[in-house]
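Asker: just coords:
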C-alpha cells in the first residue's frame, strides 16, 4: 500500500512559478514510476508528467513541455513538479499518482494504482 500526500499548491500569478511536492509512504519508492495529473474545473483529468522509478526518464504532455519539470528524490520518497511561466490554464487540482512496482513512465492514468488527494493550483492573470 502506498499513501501519497501532495503539497505546494496555492495561488500563483501568471508568469510566476510553483513547485508541487508529493510525499509517498511505503516501501520501494524507487520501483514506482510516478505521475502528475491535473483536473481543471468542468474538465476531465489530464496527464501532465511522469518520471521513471530511478528518475532517469521523464515524459511530458505537449501542452506543458518547456515549462514543467518533474523530478524525484528517492532518498526522501518525494516527487516534485516545478511549473514555470504559469498560465491561467494551469488552474486545477493537481494529483500525484504511483504505479505499483513498475518503473516505466506512462501517460495513461489507468496504469497508476495509487493516487493522492490532490492540491489546488489557482493562477490569476
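Answerer: Perfect, I can see it now. Because the structure is a prediction, the values reported are computed rather than measured.
Asker: Relative to the helix or strand that residue 81 is a member of, what are the paired strands and their orientations?
Answerer: Using DSSP states H and E, the element containing residue 81 is strand 78-83. Strand 78-83 has its sheet partners listed here by DSSP bridges as strand 18-24 (antiparallel), strand 68-73 (antiparallel).
Asker: what's the distance between the longest one and the middle of its chain?
Answerer: For strand 18-24, the distance from its own C-alpha centre to the chain's C-alpha centre is 7 Å (Cα atoms, centre = their mean, to the nearest Å).
Asker: same deal with the last one?
Answerer: In this view, strand 68-73 has its centroid 8 Å away from the chain centroid, taken as Cα atoms, centre = their mean.
Asker: which outside residues touch it?
Answerer: 34, 36, 48-51, 55, 58, 60, 78-84 (Cβ atoms under 8 Å, 6 or more residues apart in numbering). For glycine as for every other residue, the C-beta is placed from the backbone atoms N, C-alpha and C.
Asker: returning to that earlier point: show me how far the strand holding residue 81 is from its chain's centre.
Answerer: Using Cα atoms, centre = their mean, the offset of strand 78-83 from its chain centre is 6 Å.
Asker: per-residue confidence averaged over that strand?
Answerer: Mean pLDDT, strand 78-83: 98.
Asker: report the angle between the axes of the helix or strand just after it and strand 78-83?
Answerer: Next helix or strand after strand 78-83 toward the C-terminus (DSSP H and E): strand 92-98. Orientation check (axes from the mean of the first three to the mean of the last three Cα atoms, to 10 degrees): strand 92-98 against strand 78-83 gives 150 degrees.
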